[in-house]
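A.B. asks: please find the sequence and the predicted model below.
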Protein chains: 2
Amino acid sequence: MKEVEKLMNYRSDVRVIDATLRDGGLVNDFFFSDEFVKALYLTNIRAGVDYMEFGYKASRELFDETKYGKWKFCRDEDIRKIVGENPTDLKIAVMADVGRCDYKKDILPKQESPIDLIRVATYINTIPTAVQMIEDAAAKGYETTCNIMALSNSQEADVKAALEILAQTPVNCLYIVDSYGALYPEQIARVADMFCSVAEKYNKKVGIHAHNNQQLAFANTIEAVGDGVDWLDATYANMGRGAGNCAMELLLGFLRNPKYNIYPAVQFIESYMNPLKEQGITWGYDAQYLITGILNQHPRTAIAFTKEKRTDYAEFYKELVVHDD
Amino acid sequence: MKEVEKLMNYRSDVRVIDATLRDGGLVNDFFFSDEFVKALYLTNIRAGVDYMEFGYKASRELFDETKYGKWKFCRDEDIRKIVGENPTDLKIAVMADVGRCDYKKDILPKQESPIDLIRVATYINTIPTAVQMIEDAAAKGYETTCNIMALSNSQEADVKAALEILAQTPVNCLYIVDSYGALYPEQIARVADMFCSVAEKYNKKVGIHAHNNQQLAFANTIEAVGDGVDWLDATYANMGRGAGNCAMELLLGFLRNPKYNIYPAVQFIESYMNPLKEQGITWGYDAQYLITGILNQHPRTAIAFTKEKRTDYAEFYKELVVHDD
């Protein structure tokens, strides 16, 4: 049981990362208006958020630039149009996916860039490339994190081995990523324990990125922070792929650190997030995501179900469960 | 940290209580069609649910019968129209509120009634009346629970005293009720510990009824079951007052007891709960409920905000926070 004193106080090492543009961009193909992005930037500053993730540094050779908004690619000049020289305490992050990022070319030296943090996202089977990308970004002067995706589908021994390898790079923070929204808080406690014990040995931080398939993204995030996880991802109004992420407004309401403020978050939801929903952009908990979450599967089938505006949940359940294997 | 072995297995003492008609009735003034109620009854049987709460035994002197559907009053003959002699393993429950129930007159002897369980709901300041109601129901032959509402606003010493008094009655189960959706899982762990230690002494069970103001109803319920709480309230599609309750489909997906099945729940959501939403019946998590939850207040202001179809969340926040006291 967690101590009352700990809950009442706060850990100054906690960092809040706004992933609205990046994970939310997966919902609307990154077509956010500049006005939206600027308002989000100002909101994050007022709310005391520590990092704002602008999107992906996706390969322009692999992805067709006409089919996505600019935050799929996060050119430095596009970020600069929003933040100028970013004379604030809010740091700028972008995500670089293993195998989908021309990082040598597209990630410039830090002194030429408004970006502070490169978040390297990898599956468990591409750790060596992730290591190269981390080393490249660190050598260029960036802070780095490594986000190990689809953790709930990985063998514990493999995860441990990956953590040992990654912890010996210059990476600042190792991320627990529950891509499928499959984990329960008790499981998060065990995973956090595994991550934190390696991280402590190498003086690294641990982070968490949760999904809301079982209405547990916030619960899993606060479970993790109680277990010693410091870097916490959240998005306004839970916006994110499929069932979405941990809601920023819930997290800011929970954290006791005096620097965080919930009121700007409430204003932003009213003025920007709810209008997005009214325009027909769809995300958030629904039974199809619960089903893929429980089955520990990638939500792509549930996302397709949503896009097709299907409502036959029972048939969907059968499609995933009833087969001959 | 909870043990892996415990999570993988199940406790045969766990009971699932469907509160859809009762707490959901607070959303639509109990105007459920007989077809809906019959389908819910059959769903609960197929899903392996242990108890189905039909509604309130509300005083017909205090409440105008023309303004509510019949499940506000739960006449025995109305229940019988749905369940006949109820030749099933599913038990029938109703709620009796302290001060709003003519229990001496309206609760008949068990042998004349299809009802199995009387759930007495009380605030901390009306425990003696709750005791009388429990003794009355038990003497008539019913199982009983006592639901202590608004727990998050009560002094711990008062709660302990109340539990000691209640545990000496014939009550079968003492309920943790987070009426305001204000509690975090770590707090639930401590409250569960307090309830369980009294309950153990007197050979009683402990239950939980959670609200979803902070997207924690399910998380708090599974936290509680991990702490030794056996009776678990849930509603289909989270339906319930304000932000709603713990979702039945999430709970059935979590519990490992082989008697529980999620598929009938998915079917019921598709055929009955989603159509209810499409008819314009509104419940579930939204920022106004988050705000009252964080502030540990009754959600009545947030419910009014919802009813008036207001969308000025920031102004609502200020109404609750900015004043001279």
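C.D. replies: Arrived safely, thanks for sending.
A.B. asks: list the contacts for the closest residue to chain B within the stretch 151-300 of chain A?
C.D. replies: Residue nearest to chain B within the stretch 151-300 of chain A: A:A219 (3.2 Å; CB to the nearest CB). Every C-beta, even on glycine, is put in place using the N, C-alpha and C of the backbone. Applying CB atoms under 8 Å, 6 or more residues apart in numbering or on different chains, we find A:A219 in contact with A:185, B:185, B:215-216, B:218-220.
A.B. asks: again, only using 10 Å
C.D. replies: Going by CB atoms under 10 Å, 6 or more residues apart in numbering or on different chains, A:A219 touches A:184-185, A:188, A:210, A:212, A:246, A:250, B:184-185, B:214-220, B:222-223.
A.B. asks: how about A:M194?
C.D. replies: The neighbours of A:M194, taking CB under 10 Å, 6+ apart as the test, are A:156, A:159-160, A:163, A:176, A:206.
A.B. asks: what's the spacing between it and A:Q155?
C.D. replies: The gap separating A:M194 from A:Q155 is 12 Å, by CB to CB, to the nearest Å.
A.B. asks: what's downstream of the longest helix belonging to chain A, the next helix or strand?
C.D. replies: Counting residues, the longest helix found in chain A (DSSP state H) is helix A:185-202. Downstream of helix A:185-202, the next assigned helix or strand under DSSP states H and E is strand A:205-209.
A.B. asks: give me the angle between the following helix or strand past that next one and helix A:185-202.
C.D. replies: Sequence-wise, the next helix or strand downstream of strand A:205-209 (DSSP H and E) is helix A:217-226. Going by axes from the mean of the first three to the mean of the last three CA atoms, to 10 degrees, helix A:217-226 is angled at 40 degrees with respect to helix A:185-202.
A.B. asks: quick one: the helix or strand just after helix A:217-226 near chain B?
C.D. replies: Next helix or strand after helix A:217-226 toward the C-terminus (DSSP H and E): strand A:231-234. No. Against chain B, strand A:231-234 shows no contacts by CB under 10 Å from any CB of the partner chain, the least distance being 11.9 Å.
A.B. asks: now the longest helix of chain A: mean pLDDT?
C.D. replies: Across helix A:185-202, the average pLDDT comes to 96.
A.B. asks: got the angle between that helix and strand A:205-209?
C.D. replies: Here helix A:185-202 runs at an angle of 150 degrees relative to strand A:205-209 (the same axes, to 10 degrees).
A.B. asks: buried ones in helix A:185-202?
C.D. replies: Residues A:185-192, A:195-196, A:198-199 are the ones in helix A:185-202 that count as buried (16 or more other CB atoms under 10 Å in any protein chain shown).
A.B. asks: turn those residues into a markdown table, including distance to chain B.
C.D. replies: Below are the buried residues of helix A:185-202 laid out as a markdown table (distance: CB to the nearest CB, whole Å):
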| residue | distance to chain B |
| --- | --- |
| A:P185 | 6 |
| A:E186 | 4 |
| A:Q187 | 8 |
| A:I188 | 10 |
| A:A189 | 5 |
| A:R190 | 6 |
| A:V191 | 11 |
| A:A192 | 9 |
| A:F195 | 14 |
| A:C196 | 12 |
| A:V198 | 17 |
| A:A199 | 17 |
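A.B. asks: could I get the residues you listed in a markdown table, plus columns for distance to A:N28?
C.D. replies: Output for these, formatted as a markdown table (distance: CB to CB, whole Å):
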| residue | distance to A:N28 |
| --- | --- |
| A:P185 | 30 |
| A:E186 | 34 |
| A:Q187 | 31 |
| A:I188 | 29 |
| A:A189 | 34 |
| A:R190 | 35 |
| A:V191 | 30 |
| A:A192 | 31 |
| A:F195 | 31 |
| A:C196 | 35 |
| A:V198 | 36 |
| A:A199 | 34 |
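A.B. asks: name the nearest residue to the residue of the stretch 1-150 of chain A found nearest chain B, sequence neighbours excluded.
C.D. replies: Nearest residue of the stretch 1-150 of chain A to chain B (CB to the nearest CB) works out as A:K2 at 4.3 Å. Closest residue in space to A:K2, ignoring its immediate chain neighbours: B:E186 at 4.3 Å, by CB to CB, 6 or more residues apart in numbering or on different chains.
A.B. asks: please enumerate the strands of chain A.
C.D. replies: A:15-18, A:51-56, A:91-97, A:117-122, A:143-148, A:173-177, A:205-209, A:231-234 (DSSP state E).
A.B. asks: re the thing from before, from the buried residues of helix A:185-202, which is closest to B:M239?
C.D. replies: Nearest to B:M239 among those: A:P185, at 23.7 Å, using CB to CB.
A.B. asks: which residues are in contact with the closest one?
C.D. replies: Going by CB under 10 Å, 6+ apart, A:P185 touches A:192, A:216, A:219-224, A:226-227, B:2, B:185, B:219, B:222-223, B:226.
A.B. asks: recalculate using a threshold of 7 Å.
C.D. replies: A:216, A:219-220, A:223, B:185, B:219, B:223 (CB atoms under 7 Å, 6 or more residues apart in numbering or on different chains).
A.B. asks: now render those as TSV, adding distance to B:R22.
C.D. replies: Formatted as TSV, the contacts of A:P185 follow (distance: CB to CB, whole Å):
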residue	distance to B:R22
A:L216	25
A:A219	25
A:N220	29
A:E223	30
B:P185	24
B:A219	22
B:E223	23
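A.B. asks: out of those, flag the one nearest to A:D102.
C.D. replies: Among these, A:N220 lies closest to A:D102 (CB to CB), at 33.2 Å.
A.B. asks: what number of residues lie near the closest one?
C.D. replies: Using other CB atoms under 10 Å in any protein chain shown, A:N220 is surrounded by 29 other residues.
A.B. asks: do the same with the one 3 residues further on
C.D. replies: The local packing of A:E223 (other CB under 10 Å) involves 27 other residues.
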